[in-house]
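>>> what shape does this take:
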Amino acid sequence: MLQKLFISAFLVSAGFLLPARAQDAAEAPATISQKKVSLGKASPFTDSLQAKVSGIAIVNAVWDTSRIGFLQTGLFNNKAEAIPDKEMGQYLQEYVNNTFGGVFTPGKPRLIWVVEDLRIGERTQMMGEKAYVRVKATAYVQTGEDTYKRLKVMDIVHLNNGFDVTHQHRNNISNAFKEFYTAGIDTIDAVLADTQPGLSYAGITAVYAKKRELPALKAPVMNDGVYLSFASFLENKPDILQFETKGKAGKVKVYAIPGDGQKTIIPALWGVVKNGAVFKYTNKSLIGLSRSGHGYVITSYLSAYERRQTAIIGGALIGGVAGGLLGSTTALQHTDAFPELKLPAEATAIDMETGALIF
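Numbers count the residues shown, from 1 in each chain. As a prediction, this is how the structure comes out:
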């Protein structure tokens, strides 16, 4: 990152590149390029002691149908959408066949993996880069011809360090899935011995299909008002209909306006909808959200990221690299869904079960 900043500063000072004004970046959102992430050469899983299943069938329940995250590319760390190199269901099925196929054993029970989220992200720091990966999945083990019991539920989130993290995502994703596989195998004997009834394959897929039958995902337009909780938002039922917002980013206050016209500040809320536009309230700011696939992404993420990069490059010319970082102002938000992360990732979306910010 240091080398990139010094080169950027030199190019700007020499007149080869001029940073755009922050206002211009906000008014003209960046065009986003795409970069394919392949799992084709992931190293195979070879622990023969874990050879306790005959195969793994993937159920693709990934909420974001457009991307698996964002990458940083080029001299100025421009953003690119990370996309799988084939349709998501095929992408995941080919991966598990190639990676775990060597330990599949005929005559053993089959697994179903329902994958709800596969997400990667990157964040640059002064002395290196950070790579983030999330695998959220549920495993079921076959106990009859068409009967399956829940084996393992995991939401794996990891932060990895490096200097060229874009080329590490394949291994990071694969390592997360291997962790998931091993954790399931560790409990398989106990689950198979349990006498509780299971679900059919159709019953399993119905569970996850129901998660998408939410008013917040189905309604043509969200209802205007203040949503005190994420549960209210999911049901498209605002708790307060008459409201007003005041203040700029970082100092926004939301007021309820009752019948007598006396404004009352709302101390805690999840978000607001105004003229059909959705905003999450966080850090005393209103963060615009747009529906994407089976969830919501932060509308201004890309333009906010570009404003930050412009501020860093311009600050490097005026007050040195450190001065540029400390003096830059940005509307970028960071994740609050994963408290275990020592350094939060840049937030790009919301978790559709908690309403918290994810990468």
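
>>> and the closest residue to residue 249 other than its chain neighbours, how far is that from residue 247?
For residue 249, ignoring the flanking residues on the chain, the nearest one in space by C-beta to C-beta, 6 or more residues apart in numbering is residue 285 at 4.7 Å. For every residue, glycine as well, the C-beta is placed using N, CA and C. Residue 285 sits at a distance of 9 Å from residue 247 (criterion: C-beta to C-beta, to the nearest Å).

>>> out of the two, which sits in the busier spot?
When neighbours are counted by other C-beta atoms under 10 Å, residue 285 comes out ahead of the other of residue 285 and residue 247, with 16 against 12.

>>> tell me what the more buried one is bridged to.
Counting by DSSP bridges, residue 285 forms beta bridges with residue 282.

>>> can you give me the helices for the stretch 151-300 of the chain?
Counting by DSSP state H, counting those that start in this stretch, the segments of the stretch 151-300 of the chain that form helices are 169-186, 188-193, 201-210, 215-218, 230-234.

>>> out of those, nearest to residue 113?
With C-beta to C-beta, the closest approach to residue 113 among the helices of the stretch 151-300 of the chain belongs to helix 169-186: 7.8 Å.

>>> where does pLDDT dip in this structure?
Within the chain, the segments meeting pLDDT under 70 span 1-31, 74-76, 302, 305-330.

>>> let's see it at 90
For the chain, applying pLDDT under 90 flags the ranges 1-33, 66, 71-80, 124-129, 162-167, 195-196, 248-250, 258-262, 299-332.

>>> so which residues make contact with stretch 335-353?
Surrounding stretch 335-353, the residues in contact under the criterion C-beta atoms under 8 Å, 6 or more residues apart in numbering are 63-64, 69-70, 121, 123, 125, 130, 132, 134, 157, 159, 211, 214, 217, 234, 280, 282, 289, 292, 294-298, 301, 305, 332-334, 354, 356-359.

>>> out of those, which end up buried?
The neighbour-count test (16 or more other C-beta atoms under 10 Å) marks 63-64, 69-70, 121, 123, 130, 132, 134, 157, 159, 217, 234, 280, 282, 289, 292, 294-298, 301, 305, 332-333, 356-359 as buried among the contacts of stretch 335-353.

>>> from those residues, which land in strands?
Counting by DSSP state E, those place 69-70, 121, 123, 130, 132, 134, 157, 159, 280, 282, 289, 292, 295-298, 357-358 in strands.

>>> would you turn the helices of the stretch 151-300 of the chain into a markdown table with distance to residue 51?
Formatted as a markdown table, the entries for those read as follows, by distance: least, C-beta to C-beta, whole Å:
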| stretch | distance to residue 51 |
| --- | --- |
| helix 169-186 | 9 |
| helix 188-193 | 11 |
| helix 201-210 | 23 |
| helix 215-218 | 40 |
| helix 230-234 | 42 |
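
>>> closest to residue 85 out of those helices?
The closest approach between residue 85 and any of the helices of the stretch 151-300 of the chain, judged by C-beta to C-beta, belongs to helix 169-186 at 10.5 Å.

>>> name the residues of the closest one that are buried.
By neighbour count on 16+ other C-beta under 10 Å, the buried set for helix 169-186 is 169-178, 180-181, 184-185.

>>> give the other helices and strands that it contacts.
Applying 3 or more C-beta pairs under 8 Å, 6 or more residues apart in numbering; DSSP states H and E, one finds that helix 169-186 makes contact with strand 33-37, helix 88-100, strand 110-125, strand 128-144, strand 147-162.

>>> out of those, which is closest to residue 226?
With distances scored as C-beta to C-beta, the stretch of the helices and strands packed on helix 169-186 nearest to residue 226 is strand 110-125 (28.2 Å).

>>> name whatever forms a beta bridge with residue 112.
With beta bridges defined as DSSP bridges, residue 112 has these partners: residue 57, residue 140.

>>> so it touches residue 143, yeah?
No: using C-beta atoms under 8 Å as the test, residue 112 is too far from residue 143 to be in contact (11.6 Å).

>>> the more surrounded of these two?
More neighbours sit around residue 112 than around the other of residue 112 and residue 143, counting by other C-beta under 10 Å; the figures are 21 against 16.

>>> tell me the contacts of the more buried one?
Residues touching residue 112, when contacts are defined by C-beta under 8 Å, 6+ apart, comprise 56-59, 139-140, 142, 148, 201, 204.
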